[in-house]
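Asks: model this:
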Amino acid sequence: MSRIAGKEYEEIACRYLKAKGFNILERNVNYGFAEIDIIAKLKKTLVFVEVKGGNPDFPPRLRINRQKLKKIEMAANRYISIKKPYFESCRLDVIEVLSNGRINHIDGVGGW
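Replies: Below you'll find the predicted structure:
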């Protein structure tokens, strides 16, 4: 996935999340070892979002392995310790933006 395509996928994901009532707090938060694509809030839930785009014949979510999830979790914990946002729960979601226009929102991945 090219960097330009990645930004386009993130734009589509942000529009989707906003339409679903999410408040986008930040985008592309990078701590060197991992980047969080989108940080959003839905009511009192802090949501860290990984965006993947691509072909529906090979679901983009399959490119997210256990090591990637661990890095995102570490970045999320760093974000929480630095920013100290108010929340009652948090989770990691994946949004797939497929080349056929479909969007899959998978909430609560990674055992959080």
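Asks: Tell me the secondary structure at the residue sitting nearest the centre point of the chain.
Replies: Residue closest to the mean C-alpha point of the chain, counted by CA atoms, centre = their mean, is residue 49 at 1.4 Å. Classification of residue 49 by DSSP: H, G, I helix; E, B strand; the rest coil places it in strand.
Asks: Give me the secondary structure label for residue 104.
Replies: Of the three states, residue 104 takes strand under three-state DSSP.
Asks: Pull up the gap between it and residue 10, please.
Replies: Using CB to CB, to the nearest Å, residue 104 is found at 15 Å from residue 10. To be clear about C-beta, it is placed using only N, CA and C from the backbone, and glycine gets the same treatment.
Asks: Which one of these two is surrounded by more residues?
Replies: Set side by side, residue 104 and residue 10 show more neighbours around residue 10, with 19 against 14, by other CB atoms under 10 Å.
Asks: in terms of contact, does the more buried one touch residue 24 like I think?
Replies: No - assessed by CB atoms under 8 Å, residue 10 is found out of contact with residue 24, at 10.2 Å.
Asks: which residues are common contacts for these two?
Replies: residue 38 (CB atoms under 8 Å, 6 or more residues apart in numbering).
Asks: wait, is residue 75 part of a helix?
Replies: Yes - using three-state DSSP, the secondary structure at residue 75 is a helix.
Asks: Now do the same contact list for it.
Replies: 29, 31, 33-36, 48.
Asks: thinking again about what came up before, do I have it right that the residue nearest to the centre of the chain meets residue 94?
Replies: Yes - judged on CB under 8 Å, residue 49 makes contact with residue 94 at a distance of 7.3 Å.
Asks: count of neighbours near residue 66?
Replies: For residue 66, the count of nearby residues is 9 (other CB under 10 Å).
Asks: Look up how far residue 51 lies from it.
Replies: 19 Å.
Asks: Over to residue 34?
Replies: Here residue 34 is placed at a distance of 14 Å from residue 51 (CB to CB).
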